[in-house]
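1. got a structure for you, letters missing:
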């Protein structure tokens, strides 16, 4: 099929909607003027931008997010970060985890601090903008993917009537331990979709068993085909094939696969193949 237009009336998962949520994740990397201009072009009449600088050493200079609303849909996006920065940060196992949303399990300290710096404003804006019963969506890539998962969970625990219709993450690191992951899986069944591109290194950080992933994996293989499930051994063979495909590339396959444009290219490939 051709790349679909953004459907503001969407209320369930579709490949086309996943493509638009990936684009919305990328939108978070723009400055305020860029976000506002693109949101308007996509039919969102209200936009609010958030940026919070961190006073202590941190893997990113600030946390950046936005909320945009139309009369049918509200989308919240969180910015990612460079793979080198997040890799160094997430391999530092010396920082103890902290209690997760509503003390349900534990999360990485850095994710907690990054989200807390903007969450009160994000929550207030969603509640203000949701004046016509709009659907609610969260999206993010890399660091932004972790914040996306946590923000959607925290919003539900605080305001159960604001259960997100969809949570889409791309290249999400391990974000929490099993207690919170299990609670999240029950709440967000058929609402959360965690996309991983072949050898993307970030979903393998920080290390297990302290941290784990939420469910609903969507895996792009070495050829870019999307799988809703894949046996572990088949996935390991596929990852080995992907790693050996371009040994002389200027950056490793694990880093290259993390870039959001490569997620978008894989989604476009699968949409085109559906013709």
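-> Arrived safely, thanks for sending. What you are looking at is a predicted structure, and each value in this text was computed from that prediction instead of being measured.
2. For the rest of this, base every contact and every neighbour count on C-alpha atoms.
-> Fine.
3. buried residues in the helix or strand hosting residue 268?
-> Per DSSP states H and E: residue 268 is located in helix 260-273. The neighbour-count criterion (16 or more other CA atoms under 10 Å) identifies 260, 263-264, 266-271 as the buried residues of helix 260-273.
4. how many neighbours does the nearest residue to residue 121 once chain neighbours are set aside have?
-> Leaving out its chain neighbours, the residue that sits closest to residue 121 by CA to CA, 6 or more residues apart in numbering is residue 50, at 7.7 Å. Using other CA atoms under 10 Å, residue 50 has 18 other residues around it.
5. Give me the helices and strands touching the helix or strand hosting residue 50, please.
-> Using DSSP H and E, residue 50 sits within strand 46-53. Applying 3 or more CA pairs under 8 Å, 6 or more residues apart in numbering; DSSP states H and E, one finds that strand 46-53 contacts helix 32-41, strand 62-69, helix 119-129.
6. Might you list the low-confidence residue ranges for the stretch 51-200 of the chain?
-> For the stretch 51-200 of the chain, residues meeting the criterion pLDDT under 70 lie at 53-61, 88-89, 91-94.
7. what ranges do the strands span in it?
-> Under the criterion DSSP state E, counting those that start in this stretch, strands of the stretch 51-200 of the chain are mapped to 62-69, 73-78, 98-99, 106-107, 135-141, 166-170, 192-197.
8. CSV for those, including distance to residue 34 and mean neighbour count?
-> Converted to CSV, those look like this (distance: least, CA to CA, whole Å; neighbours: other CA atoms under 10 Å):
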stretch, distance to residue 34, mean neighbour count
strand 62-69, 11, 24
strand 73-78, 14, 27
strand 98-99, 34, 16
strand 106-107, 32, 24
strand 135-141, 17, 27
strand 166-170, 21, 29
strand 192-197, 25, 24
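9. For the ones you listed, could you give me TSV that also reports distance to residue 180?
-> Listed next are the strands of the stretch 51-200 of the chain as TSV, based on distance: least, CA to CA, whole Å:
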stretch	distance to residue 180
strand 62-69	23
strand 73-78	20
strand 98-99	9
strand 106-107	7
strand 135-141	18
strand 166-170	16
strand 192-197	14
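10. got the buried residues for the longest helix seen in the chain?
-> Longest helix of the chain, by residue count under DSSP state H: helix 143-158. Neighbour-count burial for helix 143-158 flags 143-157 (criterion: 16+ other CA under 10 Å).
11. Report the angle between the helix holding residue 268 and strand 135-141.
-> For helix 260-273 against strand 135-141, the angle by axes from the mean of the first three to the mean of the last three CA atoms, to 10 degrees is 120 degrees.
12. what's the spacing between the closest residue to residue 130 other than its chain neighbours and residue 80?
-> Excluding the flanking residues, the one nearest residue 130 by CA to CA, 6+ apart is residue 74, at 7.4 Å. Distance from residue 74 to residue 80, counting by CA to CA, to the nearest Å: 20 Å.
13. just checking, residue 203 touches residue 170?
-> No - Residue 203 lies out of contact with residue 170 (CA atoms under 8 Å); the separation is 9.1 Å.
14. circling back to that earlier point, pull the distance from the strand holding residue 50 to the chain's centre.
-> Here strand 46-53 is found 17 Å from its chain centre; the criterion is CA atoms, centre = their mean, to the nearest Å.
15. That strand: partners in the sheet, and parallel or antiparallel?
-> Sheet neighbours of strand 46-53, with direction, are listed as strand 62-69 (antiparallel) (DSSP bridges).
16. quick one, the strand it pairs with and strand 73-78 angle?
-> Using the same axes, to 10 degrees: strand 62-69 against strand 73-78 is 170 degrees.
17. quick one: strand 62-69 to helix 119-129, angle?
-> Between strand 62-69 and helix 119-129, the angle comes out at 10 degrees (the same axes, to 10 degrees).
18. Skip the chain neighbours and tell me the closest residue to residue 141.
-> residue 170 is the one closest to residue 141 (CA to CA, 6+ apart), at 4.6 Å.
19. contacting residues around that neighbour?
-> Residues counted as contacts of residue 170 (CA atoms under 8 Å, 6 or more residues apart in numbering) are 22, 140-142, 145, 194-196, 260, 263.
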